[in-house]
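*Asks:* sequence and predicted structure are below.
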Amino acid sequence: MPNQLQQIAIKWFDAFNTKNLEKLLELYDDEAQHFSPKLKIRQPETNGLIIGKEAMRVWWQDAFDRLPTLHYKVTSLTANTDRVFMEYTRQVEGEADMLVAEVLEIKEGKIVFSKVYHG
């Protein structure tokens, strides 16, 4: 099972780095939740949490449009039976690299919750 979860994480990075929004959203449950400190800053009314694929579509499309050079460089993937802990470097031209950790909670092959931590 951990290997299958790591494969989902690898697909997640591939979709994100190629800015393939549809492939990214396919990895999520329809009612998945996503928490990010960046959401708290850019959309304070969310308190950092969005729910559902449509909210994620809007959030990530905005990120892809605003940050065309956005790229995530994987440094570590650790999986257990229902979670993948991902460590990566957020890279954007003209900005300092940012260390990021993100946890994907996965049920029945779909991401149901993701939480981002910035270092």
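*Replies:* Done, it's in. Residues are numbered from 1 along each chain as shown.
*Asks:* mind checking the SS state of the residue of the chain most remote from its centre?
*Replies:* Distance from the centre of the chain peaks at residue 94, with 21.6 Å (CA atoms, centre = their mean). Secondary structure assignment for residue 94 (DSSP: H, G, I helix; E, B strand; the rest coil): coil.
*Asks:* for it, phi and psi?
*Replies:* With angles defined as degrees, to the nearest 10, residue 94 sits at phi 80, psi 0.
*Asks:* roughly how far does residue 94 sit from residue 68?
*Replies:* Note on residue 94: its distance to residue 68, by CB to CB, to the nearest Å, is 11 Å. Backbone N, C-alpha and C define where each C-beta goes, glycine included.
*Asks:* whoops, residue 20 was the one
*Replies:* Residue 20 sits 14 Å away from residue 68, going by CB to CB.
*Asks:* who has more neighbours out of those two?
*Replies:* Neighbours per residue (other CB atoms under 10 Å) separate residue 20 from residue 68, with residue 20 holding more: 14 against 10.
*Asks:* residues in contact with the more buried one?
*Replies:* residue 14 (CB atoms under 8 Å, 6 or more residues apart in numbering).
*Asks:* then residue 86?
*Replies:* 9, 12-13, 74, 76-77, 101-104.
*Asks:* what about 7 Å?
*Replies:* Counting by CB atoms under 7 Å, 6 or more residues apart in numbering, residue 86 makes contact with 9, 77, 101-102, 104.
*Asks:* many thanks, we can stop here.
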